[in-house]
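**Q** Return a 3D structure for these sequence lines:
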Amino acid sequence: MSRIGKLPVEIPSGVEVKVENNIVTAKGPKGTESVTIRPEIEVKVEGNQIILTRINDDRKSRSLHGLSRTLVQNVITGVKDGFEKKLEIQGVGYRAQMQGTAINLQLGYSHPILVEPPKGVTIAVEANTKITVSGTNKQAVGDIAALIRSKRAPEVYKGKGVRYEGEYVRRKAGKAGKK
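**A** The predicted structure follows:
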């Protein structure tokens, strides 16, 4: 039995959940999200809990059990509290600023980089070097944060670039002098 899949998903107050043809739709204070669960997994709402069970015990069903439970949990957490990723920019002359809903990044290239977030994801900039990506869909928030980071990932010699807040960048020693 899957250790994650067998745990019930609690439905918090203020969140309304509807299950229809293995499509779980959650509506909460932050918005509405839905996820389609594979037919190998059965979804039931009992009271204020969602219980996911496998139809059979083959390898595919076992591998999807924990994943499906986590996807349902993420939908409920997203509409209740939302998800957030924080990034920081380090480097002389590196900065970010909002341009409408998009973010304009100056990362040492000869041109500015414009990143437009998808629907449901918002980007905020504080103090030119702190970026906050937030939304109700965990995957979309993570994708946009990773896209922004990929525009100039932190380099190992000086540590310059875009990194996640609290990310440790292992530094390398520079070129050794001649003796």
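**Q** Quick one: mean pLDDT over stretch 110-121.
**A** Across stretch 110-121, pLDDT averages out at 93.
**Q** any idea how far residue 17 is from the residue nearest the centre of the chain?
**A** By Cα atoms, centre = their mean, the mean C-alpha position of the chain lies nearest to residue 142, the distance being 3.0 Å. Using Cβ to Cβ, to the nearest Å, residue 142 is found at 23 Å from residue 17. In short, each C-beta sits where N, CA and C put it, glycine included.
**Q** what's in contact with the lengthiest helix in the chain?
**A** For the chain, the helix reaching the highest residue count under DSSP state H is reported as helix 59-80. The contact list for helix 59-80 (Cβ atoms under 8 Å, 6 or more residues apart in numbering) reads 2-7, 9, 11-12, 14-15, 17, 24, 26-35, 37-38, 40-41, 43, 50, 52, 54-55, 83, 135-138.
**Q** Show me where this structure has its strands.
**A** Along the chain, the segments classed as strands by DSSP state E run 9-10, 16-20, 23-28, 31-36, 41-46, 49-54, 83-90, 95-99, 102-106, 113-115, 121-126, 130-135, 161-164.
**Q** related to what we said a few turns ago, quick one, the longest helix of the chain and strand 83-90 angle?
**A** Orientation check (axes from the mean of the first three to the mean of the last three Cα atoms, to 10 degrees): helix 59-80 against strand 83-90 gives 80 degrees.
**Q** Report the mean per-residue pLDDT for helix 59-80.
**A** The average pLDDT within helix 59-80 is 92.
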